[in-house]
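# I'll drop the sequence and a predicted model, then ask my questions.
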Amino acid sequence: MKTIESINLIWRDPKRRSGRPCIIGRGFRVKDVVMKMRYGSSSPEKIAEDFDIPLGHIYAALAYYHEHKDEIDEDIREDELFEETVKEKGVEWLNSPGVAEFWAEGTAVAERRQARLKLGSRVESIDLIYRDPKVRGGRPCIVGTSLRVTDIVMEQKYGVGDPKAIAERFQISLGQVFAALAYYHEHIEEIDADIEEDILFDEKLEELGIDGAVDWLLLRREHARSGCDSAS
């Protein structure tokens, strides 16, 4: 039976950051991550380190962005417009009635804000990973494909590395790549075990041939299910 492996690391709360999507449990907005990447020439690893946020959460924010690009880009333009207005009118404008007018009812900015607040407090699930016992041995895969999370992680570690290049190679979206990386960082032990098994399988393939390697793999998994030591 197919099941969705939701990534629940993004949330909204009308009492925090005007209801904008944020990393769960924090006020760090999705668009803050995007702007750090876009204008700060930063990397997910550097952002995670600088703000003491788990790397999986940063990847989840990037996955969410690429799945809701129009909304987040509009938020970024809104911030840029506000900053441009401050530069044009001077910092004293911040204490004038003009600020209230910027957010006044009937403006596009205010309408977007009201729409966000109406959504209430909720987790914004990212539903791009699934399991199906009939697909890739039940390993977590990217929705709409048979690509495993393991395939994406191995490509990042040992292949082309860059998420855009990974997306192009496998013909998937950047959101799907980032979702796979977010899932990995929330399930490191499981995915690293899958990677180890893949590496061992390649070694057995060279040593024993395809039939011997498949027999080895089936025996290894049978031992794992029964709680015995893995086949060596």
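Great, that's in hand.

# how close does Y65 get to G159?
Using CB to CB, to the nearest Å, we find Y65 at a distance of 23 Å from G159. Quick note: C-beta positions are derived from backbone N, CA and C, even for glycine.

# Those two: who's more crowded?
Between Y65 and G159, counting by other CB atoms under 10 Å, Y65 is the more crowded of the two (23 against 14).

# Does the more buried one touch I72 like I think?
Yes: between Y65 and I72 a contact is recorded at 5.1 Å, counting by CB atoms under 8 Å.

# shared neighbours of the two, anything?
V30, K31, V34 (CB atoms under 8 Å, 6 or more residues apart in numbering).

# and which of these is nearest H185?
For those, the residue nearest H185 by CB to CB is V30; the value is 16.6 Å.

# What's the local residue count around that closest one?
Applying other CB under 10 Å, we find 24 other residues in the vicinity of V30.

# How about the one 5 residues further on?
Here the neighbour count serves as a burial measure; for M35 (other CB under 10 Å) it reads 17.

# Which helix or which strand is home to the nearest residue to it once chain neighbours are set aside?
The spatially closest residue to M35, leaving aside those adjacent along the chain, is I76, at 6.4 Å (CB to CB, 6 or more residues apart in numbering). Here I76 sits within helix 69-89, counting by DSSP states H and E.

# Residues touching that helix, excluding its own?
Under CB under 8 Å, 6+ apart, the answer for helix 69-89 is 20-21, 29-31, 34-35, 64-65, 93-94, 96, 98, 102, 109, 112.

# The residue nearest to E124 when sequence neighbours are not counted pairs with what?
In space, E124 comes closest to I10 once its chain neighbours are excluded; the distance is 4.3 Å by CB to CB, 6+ apart. As for beta bridges, I10 partners with I23 under DSSP bridges.

# do you know how far S173 is from G144?
On the measure of CB to CB, S173 and G144 end up 10 Å apart.

# and these two? which has more neighbours close in?
S173 (16 against 11).

# element containing the most centrally placed residue in the chain, please.
Nearest to the mean C-alpha position of the chain, by CA atoms, centre = their mean, lies A60 at 2.5 Å. Using DSSP H and E, A60 sits in helix 55-67.

# Against which helices or strands is that helix packed?
Judged by 3 or more CB pairs under 8 Å, 6 or more residues apart in numbering; DSSP states H and E, the packing partners of helix 55-67 are strand 10-12, strand 22-23, helix 30-39, helix 44-51, helix 174-186.

# Run the chain-centre distance for the shortest one.
This means strand 22-23. 12 Å (CA atoms, centre = their mean, to the nearest Å).

# Show the low-confidence segments of this structure, by residue range.
Within the chain, the set of residues satisfying pLDDT under 70 comprises 103-110, 201, 204-208, 211-232.

# Break it into its domains for me.
3-123, 189-232 (automatic domain parsing).

# Can you lay out the ones you listed as TSV showing distance to R139?
Output for the domains of the chain, formatted as TSV (distance: least, CB to CB, whole Å):
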stretch	distance to R139
domain 3-123	11
domain 189-232	6
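
# Which one of those lies nearest to P133?
domain 3-123 (9.5 Å).

# got a list of what I210 touches?
With CB under 8 Å, 6+ apart, I210 has no contacts at all.

# That one sits in which helix or strand?
helix 188-226.

# nearest to I152, of the domains of the chain?
It's domain 189-232; of the domains of the chain, that one is closest to I152 (CB to CB) at 9.5 Å.

# Quick check: end-to-end length of stretch 136-149?
Its start and end residues considered, stretch 136-149 measures 11 Å (CA to CA, to the nearest Å).

# Just the residues contacting it, thanks.
Counting by CB under 8 Å, 6+ apart, 4-5, 127-132, 135, 150, 152, 170, 172, 176, 179-180, 183-184, 187, 191, 194, 221 sit against stretch 136-149.

# Perfect, I'm done here.
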